[in-house]
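Q: quick check, what structure comes out for this input:
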Amino acid sequence: MLEIQVRELVDSMCEQYRVLGSVDRYVRSACPIDQADEDSLCFCKEKGDRALDMIRSSRARVIVCSDSLEFTEGDNWGKTLIQVPNPRLTYSWLLAKYFSNRPKPVVHPTAIIDKKAKIGRNIHIGAYSYIGDCEIGDGSIIDGHVYIYAGTRIGKGVIIHAGVVIGTVAAGFERNEKGELERFPQVSGVIIEDDVEVGANSVICRGSLSNTIIGKGTKLGTSMAVTHGVTIGKHCIINTGVVICGSAKIGDQTYIEPKACIRENISIGNRVVVGAGSVVFRDIADDLIVTGSPARPIPPNVFYNKVY
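A: The predicted structure follows:
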């Protein structure tokens, strides 16, 4: 059974923190604060009276919470409270370090790897995956049933979940004089930079004349599509079911909610929020929140009060 002392948890934290209560307790599981038992490690991201009510009523004895909360001496209800600037972020670090099951760096015997492929160190490749003539950086995880075409470059620490296809062709055609469709060849590749994560069953298509690029630290959701020649910046979140059409450009730290569609050749700036189900037909400047079809800017306090 997993058993971690609070003293070990806080000793592993590099950010500023304050602890109220005993550091000699142990935690054995991680779960939501309203579903906890006495052995759970939980977090509370709320502030003010709402946070105090949640902490007081929870069965958890070890809770990561905001350093903005004020407690009088001994007024922590017999719990151990780890106070930090960003409880959800700190909790995510602790989850990753102590509770996540990262697969071992092994290549499954059913995986097929092209002889020309350049595979880095400590790589995990899951069952029935195909790796073409491409490059994969150190410490990356390729789950099962992934298909990676030739001409793909994947950086370090990348996570590709099951069923993903990378480097296939997108729809790109021209009509001839008879009205028949002829394919416009897509002869470029895909570049996925370090620390990117691609959700299950998503598709990233290769570029026509310039590479499709996914910037460092960006996270792509499940069942979404990045088509030919798209450029996505650093540390973006692109959610489930999003479609990004050919040659679109997306800036850094942009957040795109589920089922949105970014039309071809559109440019979206940095730190933009695109609402769920929106269709973006026009370029979007930095720091805007847009929603609807066609997507239009809205004041930040109308629907969205969260900073992504």
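Q: same for whatever helix or strand residue 56 lives in, what does it pack against?
A: Element membership for residue 56, per DSSP states H and E: helix 48-57. Helix 48-57 is packed against strand 62-66, with contacts defined by 3 or more CB pairs under 8 Å, 6 or more residues apart in numbering; DSSP states H and E. No exception for glycine: its C-beta is placed from N, CA and C like everyone else's.
Q: which other residues reach the helix or strand that the strand it packs on is followed by?
A: Downstream of strand 62-66, the next assigned helix or strand under DSSP H and E is strand 80-84. Residues from elsewhere that reach strand 80-84 (CB atoms under 8 Å, 6 or more residues apart in numbering): 6, 9-10, 13, 15-23, 25, 55, 61-67, 69, 71, 90.
Q: quick one, the helix holding residue 56 and strand 62-66 angle?
A: Here the directions of helix 48-57 and strand 62-66 differ by 180 degrees (axes from the mean of the first three to the mean of the last three CA atoms, to 10 degrees).
Q: OK, contacts around residue 107?
A: 113, 123, 124, 125.
Q: just flag the most distant two among the residues you listed.
A: 113 and 124 (12.7 Å; CB to CB).
Q: quick one: the helices in the stretch 1-150 of the chain?
A: For the stretch 1-150 of the chain, the helices defined by DSSP state H, counting those that start in this stretch cover 6-11, 48-57, 87-94.
Q: now distance to residue 258 too, for these, in a markdown table please.
A: Compiled in a markdown table, those are given as follows (distance: least, CB to CB, whole Å):
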| stretch | distance to residue 258 |
| --- | --- |
| helix 6-11 | 34 |
| helix 48-57 | 27 |
| helix 87-94 | 20 |
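Q: quick one, which of those gets closest to residue 247.
A: helix 87-94 (34.1 Å).
Q: can you give me the buried ones in that closest one?
A: Residues of helix 87-94 classed as buried: 87, 90, 91, 93, 94 (neighbour count, 16 or more other CB atoms under 10 Å).
Q: and the contacts of strand 80-84, which are buried?
A: Applying 16+ other CB under 10 Å to the contacts of strand 80-84 flags 6, 9-10, 19-21, 25, 55, 61-66, 69, 71, 90 as buried.
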